[in-house]
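A.B. asks: Let me see the structure of the following:
(chains A and B)
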Amino acid sequence: MKEKLQLIKSEALSAIAADNADLEQIRIKYLGKKGELTAVLRGMGALSPEERPIVGQIANEVRAQIEEAIAERSALLKQLELEKKLAEEKIDVTMPAAEMKVGMLHPLTKVQRTIEEIFIGMGFSIAEGPEVELDYYNFQALNIPENHPARDTQDTFYITDNILLRSQTSPVQVRTMEKQKPPIRVISPGRVYRSDAVDATHSPLFHQVEGLVVDKGVTMGDLKGMLETFAKTLFGENTRLRFRPHHFPFTEPSAEVDVSCFVCGGEGCRVCKNEGWIEILGAGMVHPFVLSNCGIDPEEYSGFAFGMGVERIAMKYYGIDDMRHLYENDVRFLEQF
Amino acid sequence: MNLSRNWLADFVDVADIGNKEYCDRMTDTGSKVECFEQLAEDIENVVVARITEIKPHENSDHLQICQVDIGSKTVQIVTGAQNVFEGAIVPAAIPTAHLPGGIVIKSGKLRGVQSDGMLCSMGELNLTEHDMPGKIADGILILDEEFGDKLGMDIRDALMLRDSVVEFEITSNRPDCLSVIGLARESAVSFNREFKLNSPKVKGCNDGDKIGNYLSVAIDAPDLCHRYMARVVKNVKIEPSPLWLRMRLRASGVRPINNIVDITNYVMLEYGQPMHAFDYTCLDNSSIIVRRAGDGEIFKSLDDQDHTLDSSMLVIADQNKAVALAGVMGGANSEIKDNTTTVVFESACFLGSSVRVTAKKNGMRTESSARFEKGLDPENCYAGLERACELVELLGAGEVVNEIIDVYPGKTEPTKLPFQPDVMNAFLGTDVDAAEMKKILETLEFTFEGDMMVAPSFRADIGCMNDVAEEIARIYGYNKIISGKLRGETTQGGYTPKQKFEIDLENMLCGIGLDQIQTFSFISPKYYDKIRLPEDSTLRNSVVISNPLGEDTSVMRTTALPSMMEVIARNYNFNNANVRLFEIATVYIPTAPDALPDEKKVISVGMYGDCDFYTLKGVCENVLKLAAVEGYEISSYSENASYHPGRCAVISVDGKQLGIFGQLHPATQNNYGIDTAVYAAELDFEAIFEIMNPIKQYTPLPKYPASTRDFSFLCDESLEVGKIMAVMKKAGGKTVESVNLFDIYRGQQIGENKKSVSIRVILRAADRTLTVEETEKVSAKILAALDKELGIALRM
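C.D. replies: Below is the predicted model of the structure:
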């Protein structure tokens, strides 16, 4: 019987290993109730008592081996089947994505927010004021009386003799100083209006961010330090600033401020027109006339102010060559930012 | 201001400093340089030459063969010009020569004859008939015999063409720098060089003749005229100015005219003092009266334009007529002519704002008015006048009559300020030595009287400590000031809740796929027609710009819809598909006539393409959700002509309208040439922010299971689903967790104008599992209410 068992074992194992093995059939054939191994076991009664346990053990071993072989083979086949299925499920990952459209902030908003965040980090709050403004706040309170030549550089839209579209966000500074006692640290972002026809570098409406600091003992060195911090945060740690004397009626001393070109680092390139510097800011120490006009004693307090054009920075920052894109709002433009 | 460096050299020696270095330093000390140009840089190897012999060309009837003496040798040049003659002195380009416009002259053969150069016309040297009076432009430039001893000399030296011109952008507070002398002073300070200013010296004719024999001057309007000085020159001979003077004017961008006019321009450029010259014989009754113009007085300026004057304007007049518009331009009736023999030079100082207004009103901003309007120094009148007369004598243009007329009602005291080095250092954040400060100020011609410093008369911009501190800082160097860190009380920065809400809103709208736009705040009043705003709508009452650039930017918008629609139309025309946009836009609502308008923000949405009414409704509801607005109502609205009457809704809370949205009326779409459905919304940012619930309260997550009940009703098409749902919600009471539409069916089986509406109600109690009996009870209540209020029943 031992031989018989060995024969069953080798037959079963080779059947299991065969290519098209039907494992369930094999199991029934050898291990089922009417299977060959069962038949052999049934015949055990004919054996001597001595032989019976030995053959029984062999039979059990054979059963275990066959069961194990079936299990192994079954696992393998399942694995192969899965691999085949996965292979069939392969997709073209280069096909375009399903659209989950996200909208884009306008580039001017992005730049303005970046500027705002830098100053908020330095303890500034954001002041707002009317765009349709009184001549007093836009000019007179800022040391620009009627018929002052400085009015020429800011050709202004008028509503009436006394009411105009603000040509700068500086009136917000005056309104802030009227309401708030020092220490003052505000920036005033917003729309301003000048009578310039639309072209690649001009627009009758554009955005400014102006800043104002008033406190005891504020120096021109402090102004330099703050603008340096700002420029380095916006344009990178290696940014350098250059201050050139200038004239604004509401600050004295006044300066125009250039940053080293953030594209070429000052070597000269297309963005900086080979000058290595980009003019982005006007700044200065608040004129004592302006302070006292707002009820702040210039003997006790000093301050500085600065202003920049958001369009100009956005255009330099993103390499936009035509200002008109910013107000045309072609989605093919908007979705680039 | 264009500065000739040759001219500058009269007053300060900075010749050793290259243009680039000069410009950089001047910019650093406050005289901003726009650019510089080296004149005649593009001319090379052109020399003074004399034609010694001319022979005709065998193979040409218009070419001539010239033998030309260029000093060192004689060369043969073939020319096509007909105005040459033997003995003529001409400019000759000798190979390899360069001319303006990148022209290169080489040796070659012209119709078989060797030609070693080219004779030049004035145009080929970039000169005009104004630069070379009496010479013809059409032909070779024939030079005067005085150049006979300069054969072989570089033409740039012979004609004084070499110069460097620096273009300055002078700020309005420094009119003193609109002059060679002013810039020389700044140059001297900037480079620590000596400033050499000589007082002009006039000999006078000393023949017993006095100005009193010629002229009287009276100022009727001393408020507008601070000083009026005059001198008379007799036996004038009008002729071209000498070459050196013409070339200085040319370098400064001023066209030479004749000796007298050139002298006035020369003095204006040199001293910054605008001058005027009258033909004396045109002054009736030998008098000059400085007076206000009469209203409606007609004046013809010397450029032959007629102007109607008014009493705000100042004129220079004789007994009968205005002869000049003070500080702006002279009159045609008294201008210098070729036969003028007696000249009155005016050197005056007028009130800046008056000149500015006059020039503006008459639309003629001149070199003179541009200087006066910034406020000039009356002390400078004298030097200017004397310089003009000195030049008359130098040029031999006439005889200067002795004595000067000087009417000076506007003399002012110089500005005196305490000299406080410590205060200035503390203000600037510097540590500049008091002695160094003093030195800087002295070179700028400040003087010291004890503890006081006195500003020079030409520095009207100096009025307070800050002004002086700027002088110190700019010469010391802005870039040498050590950067500081703000000290003192800290401040609480950050956005206000409203600013934060705006940012959150922008982020949310981008997050759900809308692109942000930025549009102009001003629009055309015609845009109100385009959006079909009713004629009597109060929104047509806009803030109107009195001096707009054009009609399409002439009124401040009262609604953001037209701006949105322009952008939508533009994108539609660009064939952009699926466009979804938003703008947080300001609108300007007029209040009282002389008061500022209300400026309010609105949320403007526009979309077309792959979207419908309910896409837009979703956007609007997201805005309300962001603000945690509760209990809002959305109801249909057919009264807004911009929108489709059956596809428009308003959002309201407690009867207060928060916004409107819907599909645009086909006629509105048509007005924009759009052929597809457009959806737009206008939501009131201010009103929504006002009722915003800033702190949302957490609702505990449910602990007990929910029961779901589905209902289907057959009802009339006209019955709004929102109404059915509202009744169900109300009838169901507090166990109703949600009421949601899940299907709507229309078809033949249920008949025309009917719909089948399927609604799922989810019931839940927070503290227990609802029993079957309870849910049945709620269902029954809901059905009863529907039957009673809307007359609808479950579909069998």
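
A.B. asks: rest of the way, CA atoms for contacts and neighbours
C.D. replies: Fine.

A.B. asks: Quick check: longest helix in the chain by residues?
C.D. replies: In the absence of a named chain, this looks at chain A. Ranked by residue count under DSSP state H, the longest helix found in chain A is helix A:51-88.

A.B. asks: Hmm, no, I was thinking of chain B.
C.D. replies: Taking DSSP H as the criterion, chain B has its longest helix at helix B:772-790.

A.B. asks: Please parse chain B into its domains.
C.D. replies: Residue ranges for each domain of chain B read B:2-40+B:163-191, B:44-158, B:211-407, B:416-480, B:497-690, B:707-790, as given by automatic domain parsing.

A.B. asks: From residue B:524, how far out is the residue nearest the centre of chain B?
C.D. replies: For chain B, the residue nearest the mean C-alpha position is residue B:549 (13.2 Å; CA atoms, centre = their mean). Going from residue B:549 to residue B:524 by CA to CA, to the nearest Å gives 11 Å.

A.B. asks: Could you identify the helix or strand that succeeds the longest strand seen in chain B?
C.D. replies: When chain B is parsed with DSSP state E, its longest strand is strand B:44-56. Per DSSP states H and E, strand B:44-56 leads on to strand B:64-69 as the next helix or strand towards the C-terminus.

A.B. asks: quick one, the very next helix or strand once past that next one and strand B:44-56 angle?
C.D. replies: On the C-terminal side of strand B:64-69, the nearest following helix or strand under DSSP H and E is strand B:74-79. Orientation check (axes from the mean of the first three to the mean of the last three CA atoms, to 10 degrees): strand B:74-79 against strand B:44-56 gives 80 degrees.

A.B. asks: and the angle for strand B:74-79 with strand B:64-69?
C.D. replies: Angle of strand B:74-79 versus strand B:64-69, following the same axes, to 10 degrees, is 150 degrees.

A.B. asks: average model confidence for the next helix or strand along the chain from strand B:74-79?
C.D. replies: Per DSSP H and E, the first helix or strand lying C-terminal to strand B:74-79 is strand B:89-99. In this model, strand B:89-99 has an average pLDDT of 96.

A.B. asks: neighbouring strands for the helix or strand following strand B:89-99, and are they parallel or not?
C.D. replies: Downstream of strand B:89-99, the next assigned helix or strand under DSSP H and E is strand B:103-105. If you go by DSSP bridges, strand B:103-105 pairs up with strand B:89-99 (antiparallel).

A.B. asks: What are the buried residues along the host helix or strand of residue B:713?
C.D. replies: Using DSSP H and E, residue B:713 maps to strand B:707-716. Across strand B:707-716, burial judged by 16 or more other CA atoms under 10 Å in any protein chain shown covers B:707, B:711, B:712, B:713, B:714, B:715.

A.B. asks: could you dump these to CSV with pLDDT and distance to residue B:320?
C.D. replies: Shown next, in CSV, are those (pLDDT from 0 to 100; distance: CA to CA, whole Å):
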residue, pLDDT, distance to residue B:320
B:707, 94, 105
B:711, 93, 101
B:712, 93, 101
B:713, 91, 99
B:714, 91, 99
B:715, 92, 96
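
A.B. asks: Kindly reformat these as CSV and extend each row with distance to residue B:652.
C.D. replies: CSV is the format used below for these (distance: CA to CA, whole Å):
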residue, distance to residue B:652
B:707, 32
B:711, 29
B:712, 29
B:713, 28
B:714, 29
B:715, 27
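
A.B. asks: Looking at those residues, which one is closest to residue A:263?
C.D. replies: Closest approach between the buried residues of strand B:707-716 and residue A:263, by CA to CA: residue B:707, at 64.0 Å.

A.B. asks: Grab the nearest non-local neighbour of the residue in the stretch 1-150 of chain B positioned nearest to chain A.
C.D. replies: Using CA to the nearest CA, the closest approach of the stretch 1-150 of chain B to chain A is made by residue B:30 at 4.5 Å. Ranked by CA to CA, 6 or more residues apart in numbering or on different chains and with sequence neighbours excluded, the top spatial neighbour of residue B:30 is residue A:245, at 4.5 Å.

A.B. asks: The one you found and residue A:251 touch, don't they?
C.D. replies: No: Residue A:245 is beyond contact range of residue A:251, at 11.3 Å (criterion: CA atoms under 8 Å).

A.B. asks: how about the residues of the stretch 201-337 of chain A that lie near chain B?
C.D. replies: Residues of the stretch 201-337 of chain A found near chain B (CA under 8 Å from any CA of the partner chain) are A:205, A:215-226, A:242-247, A:252-254, A:287-288, A:302, A:326-332, A:334-335.

A.B. asks: re earlier: adding distance to residue B:197, write the domains of chain B out as CSV.
C.D. replies: Formatted as CSV, these follow (distance: least, CA to CA, whole Å):
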stretch, distance to residue B:197
domain B:2-40+B:163-191, 6
domain B:44-158, 26
domain B:211-407, 11
domain B:416-480, 12
domain B:497-690, 47
domain B:707-790, 91
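
A.B. asks: in the sheet, who's paired with the nearest residue to residue B:4 once chain neighbours are set aside?
C.D. replies: Leaving aside its sequence neighbours, residue B:4 sits nearest to residue B:165 (CA to CA, 6+ apart; 4.7 Å). Listed by DSSP bridges, the beta-bridge partners for residue B:165 are residue B:4, residue B:37.
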